[in-house]
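A.B. asks: Let's see this in three dimensions:
(4 chains)
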Protein chains: 2
Amino acid sequence: MTGHENYLVRKISTFVDLSVHELKYLSDLQSSPIRVKKGREIVHEGQAGQSAYIIHEGWACSFKLLPDGGRQIITFPIPGDCVGLRSILLRTSDHSFSALTDSLVSRIQAARMKDLFNELPRLGAAILWAASRDEAMVVEHLVSIGRRNAMERTAHFLLELNDRLQLVGLASNHSFACPLNQYVLADALGLSTIHVNRVLRLLRERGLVTLKNQMVVIQDMAGMKALAGYVNRDDDEQIEQ
Amino acid sequence: MTGHENYLVRKISTFVDLSVHELKYLSDLQSSPIRVKKGREIVHEGQAGQSAYIIHEGWACSFKLLPDGGRQIITFPIPGDCVGLRSILLRTSDHSFSALTDSLVSRIQAARMKDLFNELPRLGAAILWAASRDEAMVVEHLVSIGRRNAMERTAHFLLELNDRLQLVGLASNHSFACPLNQYVLADALGLSTIHVNRVLRLLRERGLVTLKNQMVVIQDMAGMKALAGYVNRDDDEQIEQ
DNA sequence: ACGGTTCAATAACACAGGTTAGCCTTGGCC
DNA sequence: GGCCAAGGCTAACCTGTGTTATTGAACCGT
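C.D. replies: Here you go, the predicted model:
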């Protein structure tokens, strides 16, 4: 264990206590870390090759491209997150995945992942549990885009990011470093860049939140939650065995 | 086996050949079938109780409600589909789930599902594979709502339904029975009822597709696919094990 | 045959968000 | 120091979609 996988361990440990053996297995599962330059595409939609990836440092995004050149960002994997688990079951990846900042990732071979479920089912369940949470996030994202207006949607998104980052210790109670620019936000929120700009200004003017110099500061947490209709993750939920 | 689980078997058999033993296990896994009246809510968001459900007959929808009374439909489970697998890992259900027509469903107890993975991992993998497909559908839905306009989105949705129904033999090449009314479509597509009506008229006027008397007829398959930017499911993908 | 309910259809109007077009700041690099 | 690229900001205008309101057809139970 070289230290960078602490985020994953930290996240999983919040819900199951890992034994020394499990920790070791978790560490051996992964390839040695790979440096990825900002902007570099790691997996391309339709690509065969069955690997999942774990992010140790940096931010990434998974997305789909449309024939007309449009892009919809599905989710922003952050340190400790696992991407492409689905491509282990399906034969090809159904979305692309690229680094938003210089990053450090490891690859997980499909075969080893399958072994894991036989050998350490408890650890396997913990990983699936984490994946389930990610799915739940995609669902919430769907709801946001389908039924919340631009402001609610943006607020909701920032609140959720804040919560996720706190889980791995990358956010204080109400602020976090955020390398996402307005173009990227637009592709995630299903809006135009210009409208993202408008919305951010409104949120700022109302004293709710600021995004400046790669830093998000939530200034009125209660106001934000009210606006977004945000419900806290039920963080005491436990995996039961 | 009373016959009604044929859809599930049929769907799974498309990708793995099930042994007699596996078929039996799959059948024993499920509670005896439960009749559910049209409109009845089967699982309520936040409800504890860890069960998944399998649909044998009828249509359902899974959705989330918003504080302002809005509703976003996530997906329409059809015969052979499994709902709420996620609530087996998370402790509570993160969305509601109700019957759109009189339906027949079975419950699957969490514990038995977990046993399955130990005892018949191949069958377990097949079920997870089906679940992965459903996830992929949610992602595609997200892309639709985020980056396709109302017409493209509607066309895409109908094409996808057609494909799914074909998989269980409930659609011919280009038409299928569809109990969804315009209100329900609106909540799925993130549109207003009125706009769904407009869009359906446009699609009809352009000779692309009609929805009349609970029947969808795709009249110009090529035109629809071009409009929606629809890519066929890669139906020859195999689960390998 | 009757009233009630559900669903589809249309029209007129309103507004959220998209589009086009610039300008300004910052920071890196030759 | 000067150029260039990336990212942020703003304004004016346009359009896709939402809203409100109303009508009609089909079906249902009594």
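
A.B. asks: Quick one: find the helix or strand in chain A with the lowest mean pLDDT.
C.D. replies: Lowest on mean pLDDT, DSSP states H and E among the helices and strands of chain A sits helix A:6-13, with a mean of 80.

A.B. asks: buried set for that one?
C.D. replies: A:6-9, A:11-12 (16 or more other C-beta atoms under 10 Å in any protein chain shown). C-beta coordinates here come from the backbone N, C-alpha and C atoms, glycine included.

A.B. asks: For residue A:126, give its distance to DNA strand D.
C.D. replies: As judged by C-beta to the nearest atom of the strand, to the nearest Å, residue A:126 and DNA strand D stand 36 Å apart.

A.B. asks: and the helix or strand where that residue lies with chain B, contact?
C.D. replies: Secondary structure from DSSP states H and E places residue A:126 in helix A:121-147. Yes - on the criterion C-beta under 8 Å from any C-beta of the partner chain, helix A:121-147 is in touch with chain B at A:121, A:125, A:128-129, A:132-133, A:135-136, A:138-143, A:145-147.

A.B. asks: can you give me the helices for chain A?
C.D. replies: Using DSSP state H, the helices of chain A run over A:6-13, A:20-29, A:86-89, A:110-119, A:121-147, A:150-167, A:182-189, A:193-205, A:221-228.

A.B. asks: residues contacting the residue nearest the centre of chain A?
C.D. replies: In chain A, the C-alpha nearest the mean C-alpha coordinate belongs to residue A:77, at 2.8 Å (C-alpha atoms, centre = their mean). Residues counted as contacts of residue A:77 (C-beta atoms under 8 Å, 6 or more residues apart in numbering or on different chains) are A:55, A:59-62, A:83, A:97.

A.B. asks: what does residue A:121 give?
C.D. replies: Counted by C-beta under 8 Å, 6+ apart, residue A:121 has contacts B:117-118.

A.B. asks: ok, residue A:78 touching residue A:165?
C.D. replies: Yes - with contact defined as C-beta atoms under 8 Å, residue A:78 counts as touching residue A:165 (6.4 Å).

A.B. asks: circling back to that earlier point, if you compare the directions of the least confident helix or strand of chain A and helix A:121-147, what angle comes out?
C.D. replies: On the basis of axes from the mean of the first three to the mean of the last three C-alpha atoms, to 10 degrees, helix A:6-13 is oriented at 90 degrees to helix A:121-147.

A.B. asks: Is there proximity between helix A:6-13 and chain B?
C.D. replies: No - Helix A:6-13 stays clear of chain B (C-beta under 8 Å from any C-beta), getting no nearer than 13.1 Å.

A.B. asks: Could you list the residues in contact with that helix?
C.D. replies: A:18, A:23, A:26, A:54-56, A:79-80, A:82, A:126-127, A:130, A:167-169.

A.B. asks: how about 6 Å then?
C.D. replies: A:54, A:79-80, A:126, A:167-168 (C-beta atoms under 6 Å, 6 or more residues apart in numbering or on different chains).

A.B. asks: Residue A:79 - how many residues pack around it?
C.D. replies: Residue A:79 is flanked by 25 other residues according to other C-beta atoms under 10 Å in any protein chain shown.

A.B. asks: That one touches residue A:55, doesn't it?
C.D. replies: Yes - contact criterion C-beta atoms under 6 Å: residue A:79 and residue A:55 qualify, at 5.4 Å.

A.B. asks: Show me what the residue lying closest to residue A:51 once chain neighbours are set aside is bridged to.
C.D. replies: Spatial nearest neighbour of residue A:51, chain neighbours left out: residue A:107 (4.8 Å); criterion: C-beta to C-beta, 6 or more residues apart in numbering or on different chains. Counting by DSSP bridges, residue A:107 is bridged to residue A:53.

A.B. asks: Verify the stated contact: residue A:107 with residue A:50.
C.D. replies: No - with contact defined as C-beta under 6 Å, residue A:107 does not reach residue A:50; the gap is 10.4 Å.

A.B. asks: And the buried residues of helix A:6-13, which is closest to chain B?
C.D. replies: If you rank the buried residues of helix A:6-13 by distance to chain B using C-beta to the nearest C-beta, residue A:12 comes first, at 13.1 Å.

A.B. asks: returning to what we had before: please tell me how far the residue nearest to the centre of chain A sits from residue A:95.
C.D. replies: Distance of residue A:77 to residue A:95, computed by C-beta to C-beta, to the nearest Å: 11 Å.

A.B. asks: How about residue A:168?
C.D. replies: For residue A:168 relative to residue A:95 (C-beta to C-beta), the value is 23 Å.

A.B. asks: Between the two, which is the more surrounded one?
C.D. replies: Counted by other C-beta under 10 Å, residue A:168 and residue A:95 do not tie: residue A:95 has more neighbours, with 25 against 18.

A.B. asks: now residue A:217: how far from DNA strand D?
C.D. replies: In terms of C-beta to the nearest atom of the strand, residue A:217 sits 13 Å off from DNA strand D.

A.B. asks: And that residue, how far from residue A:102?
C.D. replies: Residue A:217 is 24 Å from residue A:102, by C-beta to C-beta.

A.B. asks: ok, now residue A:157?
C.D. replies: Separation of residue A:157 from residue A:102 (C-beta to C-beta): 23 Å.

A.B. asks: For those two, indicate the residue with more neighbours.
C.D. replies: Counted by other C-beta under 10 Å, residue A:157 and residue A:102 do not tie: residue A:157 has more neighbours, with 22 against 14.

A.B. asks: Mind listing the shared neighbours of residue A:79 and residue A:55?
C.D. replies: In contact with both residue A:79 and residue A:55: no residue, using C-beta under 6 Å, 6+ apart.

A.B. asks: how about the residues of chain A near DNA strand D?
C.D. replies: Residues of chain A found near DNA strand D (C-beta under 7 Å from any atom of the strand) are A:181-183, A:193-194, A:197-198, A:200-201, A:212.

A.B. asks: List only those of the residues you listed flagged as buried.
C.D. replies: Of the residues of chain A next to DNA strand D, these count as buried by 16+ other C-beta under 10 Å: A:182, A:200.

A.B. asks: Confidence-wise, which of the residues of chain A next to DNA strand D comes last?
C.D. replies: Least confident by pLDDT among the residues of chain A next to DNA strand D: that is residue A:212, with 92.
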